[in-house]
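Undergrad: take this sequence and fold it.
(one chain, ligands or ions: 3)
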Amino acid sequence: MPKAETKINLKNLLVLPGLIDVHVHLRDEGKAYKEDFYSGTAAAAAGGVTTVLDMPNNNPITMSTETLRNRMKVAEKKVLVNVGFYSEFPKNMKETKGIVGEGAVAFKLFMAEQVGGLNIDDDYALLEAFKIVSRLKVPVAVHAEDKAALERTEDDLKRSNRNDVEAFLKAHSESAEVKAVKHLLNITKQTGTHVHFCHISTENGLKTIIDGKNLGLPVTCETTPHHLFLSADDLRRIGTRALTTPPVREKHHIVALWDGVKNGWIDILASDHAPHTLGEKKAKLVWDVKVGIPGLETTLSLLLTEVKRGRLPMADVVRLMSEKPAKIFKLKGRGCLKEGNNADFVVVDLNRKSRIDAAKFHSKAKYSPFDGWIIEGKPVKTFVNGQLIMDGGEIVAKAGSGEIIRGE
Ligand code: DOR
Ligand code: ZN
Ligand code: ZN
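TA: Numbers count the residues shown, from 1 in each chain. Ligands and ions are numbered 1, 2, ... in the order given. Next comes the predicted model:
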């Protein structure tokens, strides 16, 4: 080893591989009023996250070589952690090759509504799209809620003037998730494309995925801290600030998801950091509320609290939030501490008891369904590519210190 220039005393602290959060909406560009590359990656660094994968539902939508290239250019000067990018499917599927060539690490497909260029109501087009992507060897991450099922119940409810949280829960049903999962399993059976299911939230959604895994299909899945720690009762109590899709669920789903985490059926935990303004989080009709909650600054602490209380092995946290994300999204040189890898790590203090205070978030979204929760365990230093980025909760590096990750 070369002689060290600096020595850092980490007595009584633990060093973990930096977290890789594969589901983050960094916004910026036309949605910078909600979050931008600096504020979002500052939130990541504060939360011990050294790499994020950015979702494409932006303004403009990331769905072409041009929008992706431009997004990377805007991000480059601002990011504090490493950022990789998803793209939505383009209108012309011939462009997918160029998008992957430009460096997209994966495609994202919203099945709840059409976001990208692909008509999700057209089964034939979906199948053709997946065939093309299977040759490019990148995963397709799917928001699995069936559009037709959602619309049908939502329209019925709206007609009978049901506009509250209860109606929202009814529309975003377990069966809407299961239907979309089955649809995608069917597609992957025919095309061999790696499908990664985002934020699985229900018992039967997970069961259906396990059936697919048992058939040997190339599928993986994630769930989020809010689906693990919050129930529909919490949503009823907190109100629309806690509204997100898929919504948090009744308690038996939570039990099933924790089982999935412990048995290894759930591959990844991801925050689904989806910041909005406080004004957008309330509306007269529940249907008009912007869905999504910020999660980058609470995820690790919530998990460490479970570790501290003896309910979750630390090795599971590392597997779910570093090792598997790197493996599934082929992030070379990341995800574990070993010689030759990038020096992405987070130093945590398991003996630090504190209270979540959303007003102090680095994210522009200063609200959280976990506001006020007592946590035991905190990230205290975050290193990205060997550079100290966050120290004691403060950002200590310059904008642009993070790296833009391009897929191979
Ligand atoms: O809750 C959500 N928020 N679900 C989505 O599918 C989109 C996301 C967002 O971008 O705000
Ligand atoms: Zn989603
Ligand atoms: Zn999302």
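
Undergrad: mind listing what residue 365 touches?
TA: Applying CB atoms under 8 Å, 6 or more residues apart in numbering, we find residue 365 in contact with 34-35, 275-278, 293-294. Glycine gets a C-beta too; all of them are placed from N, C-alpha and C.

Undergrad: now tabulate those in TSV and tack on neighbour count and distance to residue 85.
TA: Shown next, in TSV, are the contacts of residue 365 (neighbours: other CB atoms under 10 Å; distance: CB to CB, whole Å):
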residue	neighbour count	distance to residue 85
34	23	18
35	26	15
275	28	17
276	24	21
277	14	24
278	10	28
293	28	22
294	29	19
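
Undergrad: tell me how far residue 293 lies from residue 365.
TA: Between residue 293 and residue 365 the distance is 8 Å, computed by CB to CB, to the nearest Å.

Undergrad: where do the strands sit along the stretch 301-408 of the chain?
TA: Along the stretch 301-408 of the chain, counting by DSSP state E, counting those that start in this stretch, strands occupy 345-355, 374-384, 387-391, 394-395.

Undergrad: is it possible to get a markdown table of these that adds distance to residue 312, mean pLDDT and mean neighbour count?
TA: Putting the strands of the stretch 301-408 of the chain into a markdown table (distance: least, CB to CB, whole Å; pLDDT from 0 to 100; neighbours: other CB atoms under 10 Å) gives the following:
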| stretch | distance to residue 312 | mean pLDDT | mean neighbour count |
| --- | --- | --- | --- |
| strand 345-355 | 12 | 97 | 17 |
| strand 374-384 | 11 | 98 | 22 |
| strand 387-391 | 23 | 98 | 20 |
| strand 394-395 | 28 | 98 | 15 |
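
Undergrad: nearest to ligand 1, out of those?
TA: Among the strands of the stretch 301-408 of the chain, the nearest to ligand 1 by CB to the nearest ligand atom is strand 374-384 (22.9 Å).

Undergrad: any idea of the angle the closest one forms with strand 345-355?
TA: Strand 374-384 runs at 160 degrees relative to strand 345-355, counting by axes from the mean of the first three to the mean of the last three CA atoms, to 10 degrees.

Undergrad: quick check: longest helix of the protein.
TA: helix 174-191 (DSSP state H).

Undergrad: show me what that one is packed against.
TA: Other helices and strands packing on helix 174-191, by 3 or more CB pairs under 8 Å, 6 or more residues apart in numbering; DSSP states H and E, are helix 123-136, helix 147-159, strand 195-197, helix 203-214, strand 219-223.

Undergrad: may I see the ones you listed organised as TSV, with mean pLDDT and mean neighbour count added?
TA: TSV is the format used below for the helices and strands packed on helix 174-191 (pLDDT from 0 to 100; neighbours: other CB atoms under 10 Å):
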stretch	mean pLDDT	mean neighbour count
helix 123-136	96	17
helix 147-159	98	15
strand 195-197	99	25
helix 203-214	98	19
strand 219-223	98	24
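
Undergrad: so which of those is nearest ligand 1?
TA: Per CB to the nearest ligand atom, nearest to ligand 1 of those: helix 147-159, 11.4 Å.

Undergrad: got the residue ranges for the helices in this structure?
TA: Secondary structure of the chain (DSSP H): helices at 37-46, 65-76, 96-102, 123-136, 147-159, 165-171, 174-191, 203-214, 225-229, 232-238, 251-263, 299-308, 314-318, 324-328.

Undergrad: how much distance is there from the first one to the middle of the chain?
TA: Between the centre of helix 37-46 and the centre of its chain there are 14 Å (CA atoms, centre = their mean, to the nearest Å).

Undergrad: average model confidence for that helix?
TA: Taken as a whole, helix 37-46 has a mean pLDDT of 99.

Undergrad: that helix vs helix 65-76, what angle?
TA: Counting by the same axes, to 10 degrees, helix 37-46 lies at 60 degrees to helix 65-76.

Undergrad: renumber starting at 31 from here on
TA: Got it, the first residue is 31 from now on, which makes the last one we talked about helix 67-76.

Undergrad: and helix 67-76, is it in reach of ligand 1?
TA: No: using CB under 6 Å from any ligand atom, helix 67-76 never reaches ligand 1; the gap is at least 12.2 Å.

Undergrad: so what angle separates the directions of that helix and helix 329-338?
TA: Put simply, helix 67-76 runs at 10 degrees to helix 329-338, going by the same axes, to 10 degrees.

Undergrad: show me what helix 67-76 is packed against.
TA: In this structure, helix 67-76 packs against strand 49-54, strand 79-84, strand 404-414, strand 417-421, strand 424-425, with contacts taken as 3+ CB pairs under 8 Å, 6+ apart.

Undergrad: each with direction, which strands does the last one pair with?
TA: What that stands for is strand 424-425. Next to strand 424-425 in the sheet, as set by DSSP bridges, lie strand 417-421 (antiparallel).

Undergrad: can you pull out the residues in contact with the partner strand?
TA: Contacts of strand 417-421 (CB under 8 Å, 6+ apart): 75-76, 78, 80, 110-111, 409-413, 425-427, 431-432.
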